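Asks: what's the 3D shape of this:
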Amino acid sequence: MTQDVRQWLGEIKALQQKLTEAQQERDDALKSAANWRNLYETEARQRRTEAKLAQQKVDSLQAELNALKATPSLSNDLAAFSEPDAARAQTVQQQVSQLDTIEALQARLSEALLEADRLKQTLRSEQAAHQQTRVELTAALGDAIDRLTQERTRNRNSDNNPDSGKLEDSVLSEIPAVLPASKTPSLELPHFE
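Replies: Numbers count the residues shown, from 1 in each chain. Model prediction:
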């Protein structure tokens, strides 16, 4: 019978050990669940806050859009400009509002269109001059590289020439350090009042 009691006591201890391990696993699982719940709640709070802020931004933009729709169209155009351009556009708007008659407005429009055409032509000529300068500088650079390559080839052909370093220096000294002045001077654009 003593052996039966020992066997029963051994089984009871084994069951107690298993129970302790199961309780430990349960506690760990509960801690993990609580941690995940906390993370979920934090994420949900953050999402709700972001949604609220986004809704406020949408509401403010909608109010701004409604306000812009209520103003005259020229004021809408002024909002699209940067600060200096907006100030300039405001000045132009004031000048236009001071014109009394249709004829004066038409004359001012004609002047502006002629000035725009002149500025376009000036821009085209500046672009053409820029392109020509680019072509000339590229050609000059190509020529300089060709000359340098030729001189290096000559230096390699004359194996024991002690003056080989001086030859490259003489070639480089022939290339002008400062480029000649541009053939087309920069045009001064008129300032409007």
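Asks: while we're on residue 20, how confident is the model there?
Replies: According to the prediction, residue 20 has pLDDT 96.
Asks: ok, residue 103 - how many residues close by?
Replies: 9 (other Cβ atoms under 10 Å). In short, each C-beta sits where N, CA and C put it, glycine included.
Asks: from here on, call the first residue 44.
Replies: Fine by me, first position is 44 from now on; the one you just mentioned is residue 146.
Asks: what element comes up after the one helix or strand in the chain whose mean pLDDT sits lowest heading to the C-terminus?
Replies: Ranking every helix and strand in the chain by mean pLDDT, DSSP states H and E puts helix 116-122 at the bottom, with a mean of 52. Next along the chain after helix 116-122, taking DSSP states H and E as the criterion, comes helix 126-141.
Asks: would you mind listing the buried residues in that next one?
Replies: residue 132 (16 or more other Cβ atoms under 10 Å).
Asks: what's the mean pLDDT across the helix or strand following it?
Replies: Next helix or strand after helix 126-141 toward the C-terminus (DSSP H and E): helix 145-200. The average pLDDT within helix 145-200 is 89.
Asks: try stretch 73-89
Replies: The average pLDDT within stretch 73-89 is 95.
Asks: who are the packing partners of the lengthiest helix in the chain?
Replies: Using DSSP state H, we find that the single longest helix of the chain is helix 45-113. Helices and strands touching helix 45-113, by 3 or more Cβ pairs under 8 Å, 6 or more residues apart in numbering; DSSP states H and E, are helix 116-122.
Asks: so how far is residue 188 from residue 180?
Replies: Residue 180 sits 13 Å away from residue 188 when distances are taken as Cβ to Cβ, to the nearest Å.
Asks: perfect, that will be all.
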